[in-house]
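In: missing the sequence, but the structure's below:
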């Protein structure tokens, strides 16, 4: 029996809190054990979204929401312990990603000394409520070392999914999408490709008051608008090479609404179809540019459940096999939460959790701050 770790993850989509339990043996082999998903209360979700854009009274709202997110996270960890029939004392540590409310990575307009990233969900509170040592604040050390602070999952992808006989592409579709090209020689290329679910979720919320487009059915009922698509694909971010990362600051509902003002009226379901096509095209363009040998693609993240998006990715990547990480031993919905459990293990073991070539950081770094129970 190895050491047990819990990973807590809430992504840009705000579609819930994922809690995953792993067991790591003496050979550092990661075994996925159990998982639960917890809803984010509607009022808390509204507060988080308010913090994602500039508003009055931010410091008061930030402090209050920081604690409340932590309470919901801690309860998810305790729920997972109960589901797995474990005492919290059986868990070595929690790795908590927190909830990102602002991400300003270094870019052509922002020197790394002005870059920052902010995740809320106070690890002190998680440790106090759960009684489990908590590791948090993973992204800021990478930013401090002149990195992008994202994506951090490629290091985990390389540790558990890499092959010595073939190159592989791990495609994570959350609110944003990112890829990890795992080369059989051990090299890793990774970066954010642009929006994953975030634009589609935002548009269906404002149009139909639904949190997400189940199976992509609403998008499938429409037709992608070529002129709108080409306008959206003309965003500078897609022309940049990695390392690069992005977030709601660049891809959000305001972006959609401002763009639509430049076009004649477009049916709402056609807009949704266009946003799905934008996500699929930007992902597949990035994969084709960085992987030349028809490496198989393995999907993970909430967007892997969007059947219309998945189907379109397969159509665009005609020469590749496209499946999901279940084929590699971890269910696609739980890969990110497992990754932050693994990052907690890396931190306690004094081992790096980033890949400098991916994030642009000055050297490998032990990520995360430790908050004892």
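Out: Looks like it arrived, so ask away. Just so it is clear, the structure is predicted and the values come from calculations on it, not from any experiment.
In: was I right about residue 194 contacting residue 236?
Out: No - the criterion here is CB atoms under 8 Å, and residue 194 misses it with residue 236 at 11.0 Å. Quick note: C-beta positions are derived from backbone N, CA and C, even for glycine.
In: what about those two, which has more around it?
Out: Taking other CB atoms under 10 Å, residue 194 and residue 236 do not tie; residue 194 has more neighbours (26 against 9).
In: That one should be in a helix, yeah?
Out: No - if the criterion is DSSP: H, G, I helix; E, B strand; the rest coil, then residue 194 is strand and not within a helix.
In: Roughly how far does the residue nearest to residue 105 when sequence neighbours are not counted sit from residue 20?
Out: Spatially, and ignoring its direct neighbours in sequence, residue 105 is nearest to residue 148 (4.4 Å; CB to CB, 6 or more residues apart in numbering). For residue 148, the distance to residue 20 equals 24 Å [CB to CB, to the nearest Å].
In: could you pull out the strands for the stretch 201-350 of the chain?
Out: Under the criterion DSSP state E, counting those that start in this stretch, the stretch 201-350 of the chain contains strands at 297-300, 322-324.
In: Relative to residue 130, which of those is closest?
Out: With respect to residue 130, and counting by CB to CB, the nearest of these is strand 297-300 at 25.9 Å.
In: That closest one - contacts with which helices or strands?
Out: Applying 3 or more CB pairs under 8 Å, 6 or more residues apart in numbering; DSSP states H and E, we find strand 297-300 packed against strand 168-173, helix 307-316, strand 322-324.
In: which of the strands of the stretch 201-350 of the chain sits most buried?
Out: strand 297-300 (a mean of 26; mean count of other CB atoms under 10 Å).
In: And that strand, how far out from the chain middle?
Out: Relative to its parent chain, strand 297-300 has a centroid offset of 13 Å by CA atoms, centre = their mean, to the nearest Å.
In: Give me the contact list for that strand.
Out: 161, 168-173, 287, 310, 313, 317, 320-325, 327-328, 330, 332-333, 335-336 (CB atoms under 8 Å, 6 or more residues apart in numbering).
In: Derive a PyMOL selection command for the buried subset of those.
Out: Buried residues within those, by 16 or more other CB atoms under 10 Å, are selected in PyMOL with:
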select buried, resi 161+168+169+170+171+172+173+287+310+313+317+320+322+324+325+328+330+332+333+335+336
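In: if we can go back for a sec, now the helices and strands packed on strand 297-300 as TSV including mean pLDDT and distance to residue 264?
Out: Putting the helices and strands packed on strand 297-300 into TSV (pLDDT from 0 to 100; distance: least, CB to CB, whole Å) gives the following:
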stretch	mean pLDDT	distance to residue 264
strand 168-173	98	31
helix 307-316	98	25
strand 322-324	98	35
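In: For stretch 137-155, give the mean pLDDT please.
Out: Stretch 137-155 shows a mean pLDDT of 96.
In: can you put the strands of the stretch 201-350 of the chain in CSV and add distance to residue 3?
Out: Formatted as CSV, the strands of the stretch 201-350 of the chain follow (distance: least, CB to CB, whole Å):
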stretch, distance to residue 3
strand 297-300, 24
strand 322-324, 27
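In: Show me the one of these that comes nearest residue 102.
Out: Closest among the strands of the stretch 201-350 of the chain, once you apply CB to CB, is strand 297-300, at 25.0 Å.
In: Partner strands of that closest one and their direction?
Out: Partner strands for strand 297-300, per DSSP bridges, with pairing direction: strand 168-173 (parallel), strand 322-324 (parallel).
In: next SSE after the first one?
Out: Looking back up the chat, that one is strand 168-173. strand 176-182 (DSSP states H and E).
In: Direction included, what does that next one pair against?
Out: Going by DSSP bridges, the partners of strand 176-182 are strand 168-173 (antiparallel), strand 188-195 (antiparallel).
In: what angle sits between that strand and helix 307-316?
Out: Calculated by axes from the mean of the first three to the mean of the last three CA atoms, to 10 degrees, strand 176-182 forms an angle of 40 degrees with helix 307-316.
In: Between the strands paired with strand 297-300, which one is closest to residue 224.
Out: strand 168-173 (18.0 Å).
In: Need the residues that contact that closest one.
Out: Residues outside strand 168-173 that contact it (CB under 8 Å, 6+ apart): 151, 153-154, 157, 161-162, 177-182, 196-197, 279, 283, 287, 291, 295-304, 306, 309, 313, 320, 325, 335-336.
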